[in-house]
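**Student:** Sequence first, then the predicted structure:
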2 protein chains.
Amino acid sequence: MEASRPDTATRILDVSERLFVEHGFEATSLRMITQQAEVNLAAVNYHFGSKDALFEAVFMRRLAPLIASCLAELDELETREEKLSVESLVTTFIRPCLALSKDPARGGALFVRLLSRTLVENHRLLRETISQQYSVFVQRYSRAFHHALPELGVEELAWRMHFAFSVMFNAFAGNDVLKIFTRSQIVSARDPDMIVKYLVPFVVAGLVSPVEG
Amino acid sequence: MEASRPDTATRILDVSERLFVEHGFEATSLRMITQQAEVNLAAVNYHFGSKDALFEAVFMRRLAPLIASCLAELDELETREEKLSVESLVTTFIRPCLALSKDPARGGALFVRLLSRTLVENHRLLRETISQQYSVFVQRYSRAFHHALPELGVEELAWRMHFAFSVMFNAFAGNDVLKIFTRSQIVSARDPDMIVKYLVPFVVAGLVSPVEG
DNA sequence: ATCAAATTAAAACGTAAGTTTGAAACGCTT
DNA sequence: AAGCGTTTCAAACTTACGTTTTAATTTGAT
């Protein structure tokens, strides 16, 4: 058996990830975190230095592998196929997201939700650190989509990618705008595979739709 | 000239709207609000009762007219046309959002951003109050889209509407996922008309795409 | 002009936040 | 077993928060 409870720093990261998603950064206190992680209050500042640094640690633990997975899928696809289909390109992004969502050991869909929270909260972390480290991500996808959709101008392509990644992110994050206005949660009954079944056709259709005269 | 500075309650609402968007509910203190609004600290509790009630006032001031505009557009369209096109349906939602975004007197695009923040922050307000008052909004659009897209099953339609409103909301809110990874802000150079030019075709294409075998 | 109500103002209250401190406990090498 | 760096712990510190209180001031009708 030996469930072997993780060490202090890891327990803090796990609990923080969940609480930051549930309540947001500001509304999550170190006392909430340390209580649920069953560690001493001072442990956060000892292991991470500050609450801000803790957030960065929580965030980076998931982001780096996710980005790496997407780029690996992209590499693999580009060596395998000569001409890339839009659907296969979309899938290189969706598959790692899906794998993450289904893996409880990596927090499941928590990180995608954290990412969307962090995005709308416009954290300093995103504006400064990440945009520098992972700009290659957008560059790679921009080039790949440009090859798959050569008839689109750069502006049109940028917008369509913007919309496509927007709907994909929010689908995995479970941000259901319509659930605001209705209690029925049909859509949000969250089987990740179900999401993909409907998500991919929608996104691909938007990406490949003919340009207007 | 007579710019006639608004009364205390209105100044509090205006400043709060901006600060809640910029920093979120928790990270916005009453002292920040009252300082920038140039009113006394106690004025918030006097006029609104509490910080929570203030948030609700800020939110409702914009939401109710926006919903009403959408439903009015929908009414007008349904009396004018017999068979509704998907594009015209999408436009009944986009046009009020666009008008709001371009009207500084109503806070411009601030409210859409506030709405998206409130959504991912999963406020009690959205779960309890609004879902009851405005469930008619979803019902009306669901029925209208069902008539425009009768070949879609209820589940497929629910998902497509979910995706469609998701991308529309986030487009107006300026939630650009890709800007996380790159400093170039081409897409987010926010001319609302530009958004619509590319947004409508994308959304319509996703909605009307043929169902898979 | 007067008086009551509505509003503004300054100050304080109690609480909870992030952080720091210094000692105790632990783990490991010698 | 002794020593030492690492980790844990309880407690306190400083600061800022939302809210309340009480008095001063303004407003509007008579």
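**Tutor:** Received it, and whenever you're ready, just let me know what you need. Numbers count the residues shown, from 1 in each chain, chains lettered A, B, ... in the order given.
**Student:** so where's chain A uncertain?
**Tutor:** Within chain A, the ranges that satisfy pLDDT under 70 run A:1-3, A:183-190, A:213.
**Student:** Would you mind listing what in it touches DNA strand C?
**Tutor:** Residues of chain A found near DNA strand C (C-beta under 7 Å from any atom of the strand) are A:28-32, A:41-42, A:44-45, A:50-52. Quick note: C-beta positions are derived from backbone N, CA and C, even for glycine.
**Student:** Out of those, give me the one that has the most neighbours.
**Tutor:** Highest neighbour count within the residues of chain A next to DNA strand C, by other C-beta atoms under 10 Å in any protein chain shown: residue A:44, with 23 neighbours.
**Student:** residues in contact with the closest residue to that one other than its chain neighbours?
**Tutor:** Ranked by C-beta to C-beta, 6 or more residues apart in numbering or on different chains and with sequence neighbours excluded, the top spatial neighbour of residue A:44 is residue A:30, at 5.2 Å. Taking C-beta atoms under 8 Å, 6 or more residues apart in numbering or on different chains, we find residue A:30 in contact with A:41, A:44-45, A:51.
**Student:** Using the record's assignment, carve chain A into domains.
**Tutor:** Split into domains by automatic domain parsing, chain A comes to A:1-49, A:62-208.
**Student:** Rebuild the ones you listed as CSV, extending it with distance to residue B:145.
**Tutor:** Output for the domains of chain A, formatted as CSV (distance: least, C-beta to C-beta, whole Å):
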stretch, distance to residue B:145
domain A:1-49, 31
domain A:62-208, 11
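**Student:** can you map out the strands along chain A?
**Tutor:** Counting by DSSP state E, one finds no strands in chain A.
**Student:** Which helix in it has the most residues?
**Tutor:** Ordering each helix of chain A by length in residues (DSSP state H) puts helix A:51-80 first.
**Student:** Look up the closest residue to residue A:65, ignoring the ones flanking it.
**Tutor:** residue A:106 (7.7 Å).
**Student:** Which residues of chain A lie near DNA strand D?
**Tutor:** A:7-8, A:39-43, A:46-47.
**Student:** Which of those residues lies at the shortest distance from residue A:77?
**Tutor:** Nearest to residue A:77 out of the residues of chain A next to DNA strand D is residue A:7 (C-beta to C-beta; 37.7 Å).
**Student:** count of residues packed around that closest one?
**Tutor:** 10.
**Student:** now residue A:116
**Tutor:** There are 24 residues near residue A:116, going by other C-beta under 10 Å.
**Student:** What of residue A:11?
**Tutor:** Neighbours of residue A:11 (other C-beta under 10 Å): 18.
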